[in-house]
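Trainee: What would the 3D arrangement of this be:
(one chain, ligands or ions: 1)
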Amino acid sequence: MPIGLLINHWNPAPWLKMLRKRMGDSEVYLYPDLPEDVSVEFLACWRPESGQLSHYPDLQVIQNLGAGVDAMFEADDFPASAKVSRIVDPDLTHDMYEHALACILYWMKNFAEYEADRATRSWRRLAYQRMRETTVGVLGLGELGAYTAMRLAQQGFEVMGWSRSSKQLDGVQDLQGEEGLRTILAKADYIINLLPLTDHTRGILDAQFFALCQSSAVIINVGRGGHLEERDLQEALDAGKIRAASLDVFVTEPLPQEHPLWVHPKVHVTPHVASFSNPETAADQVVENYQRYLAGKPLLHRVDIDKQY
Ligand code: NAP
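Mentor: Coordinates of the predicted model:
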């Protein structure tokens, strides 16, 4: 039985190559290629668009090729009975920590201000913060958030984390609920969003949220664009309610040419590159899950469809 491969927004070629290397050429079909007599029950997939999943009427397992599964649930033909798994990969996790650390240091050492000063050749020395004087709030303590929080704590930052269930993470003060979030926002210099996009977290970074932050706070959104109310962010920045933002994800990607966030002086933009799955390592996980499916064994890294993550 072959694997189906459906990829939007990324180049499918490396995935096709890696999967075919492990499975054989005739065992992997790239969307929309599918001979009439071939049935696909296991689909490796990234950001399906509405109408594409119904191309596979026999679908039993959807193997998401990244960590975030929100796009899957947004497809209006998502088959409710399908099992969903996602990629959990040490490189993906570590890369996210490195990106978050780079964003913190960018603002902590005033690089944005010095870059602006270069335009006027201004020699202006600003006070900087040290890691040990800096508090980081990490929203979401899952695969990526827990690792990022612990590594930042090891670097010497004071780290507070937010999740639904309580955790024991070295060096991380973990809080829950609305009260927990308020406590973090009242203290954090940097707020890293690593929540999954669900019905509960959509639009969480809004005016009400920014009103609870310190005026020195920097928002680092590496979760999803749907977490952020972009207009509220611009108003909070312009009113000095928060200091700055590093944004890697956007409601519309690529970020449209005319979008004001491209040129906002207090915003640092990256094109959804904080961390991405490496087909070379992730293909092994896809094939392992496929073999588990065939053998009737539990799948690795199952997504809880009710929780949406
Ligand atoms: P995960 O393992 O599913 O963890 C999610 C975490 O969020 C868990 O700790 C969970 O709490 C917490 N959470 C969920 N809903 C919550 C709520 N309503 N209130 C408080 N906490 C809540 O996810 P992950 O693998 O770490 O990935 C996180 C997200 O990062 C992905 O969903 C994706 O959107 C994003 N991402 C971005 C990039 C990029 O390049 N920018 C790359 C990869 C992933 P419990 O532990 O208590 O369940």
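Trainee: Run through the residues of the stretch 151-300 of the chain sitting next to the ligand.
Mentor: 162-165, 194-198, 200-201, 222-224, 248-249, 272, 274-276 (Cβ under 6 Å from any ligand atom). Placement of C-beta: from N, CA and C, glycine included.
Trainee: From those, keep the buried residues only.
Mentor: Those of these that meet the buried threshold are 162-163, 194-198, 201, 222-224, 248-249, 272, 274-276, by 16 or more other Cβ atoms under 10 Å.
Trainee: Would you agree Leu261 falls within a helix?
Mentor: Yes. According to DSSP: H, G, I helix; E, B strand; the rest coil, Leu261 belongs to a helix.
Trainee: Make sure Tyr114 is indeed in a helix.
Mentor: Yes. Counting by three-state DSSP, Tyr114 is located in a helix.
Trainee: Can you report how many residues lie near the residue of the stretch 51-200 of the chain found nearest the ligand?
Mentor: Of all residues in the stretch 51-200 of the chain, the one sitting closest to the ligand is Gly142 (1.7 Å; Cβ to the nearest ligand atom). Counted with other Cβ atoms under 10 Å, residues neighbouring Gly142 total 17.
Trainee: again, but for Ile220
Mentor: Counted with other Cβ under 10 Å, Ile220 comes out at 28.
Trainee: Likewise for Glu178?
Mentor: The burial count assigned to Glu178 is 8, neighbours taken as other Cβ under 10 Å.
Trainee: Tell me which other helices or strands the one helix or strand it maps to touches.
Mentor: Element membership for Glu178, per DSSP states H and E: helix 177-187. Other helices and strands packing on helix 177-187, by 3 or more Cβ pairs under 8 Å, 6 or more residues apart in numbering; DSSP states H and E, are strand 135-139, strand 158-162, strand 172-175.
Trainee: any chance of those strands in CSV, with mean pLDDT too?
Mentor: As requested, the helices and strands packed on helix 177-187 are arranged in CSV below (pLDDT from 0 to 100):
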stretch, mean pLDDT
strand 135-139, 99
strand 158-162, 98
strand 172-175, 98
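Trainee: closest to Thr148 out of those?
Mentor: strand 135-139 (5.9 Å; Cβ to Cβ).
Trainee: can you tell me if that closest one touches the ligand.
Mentor: No. Judged by Cβ under 6 Å from any ligand atom, strand 135-139 stays clear of the ligand, getting no closer than 6.8 Å.
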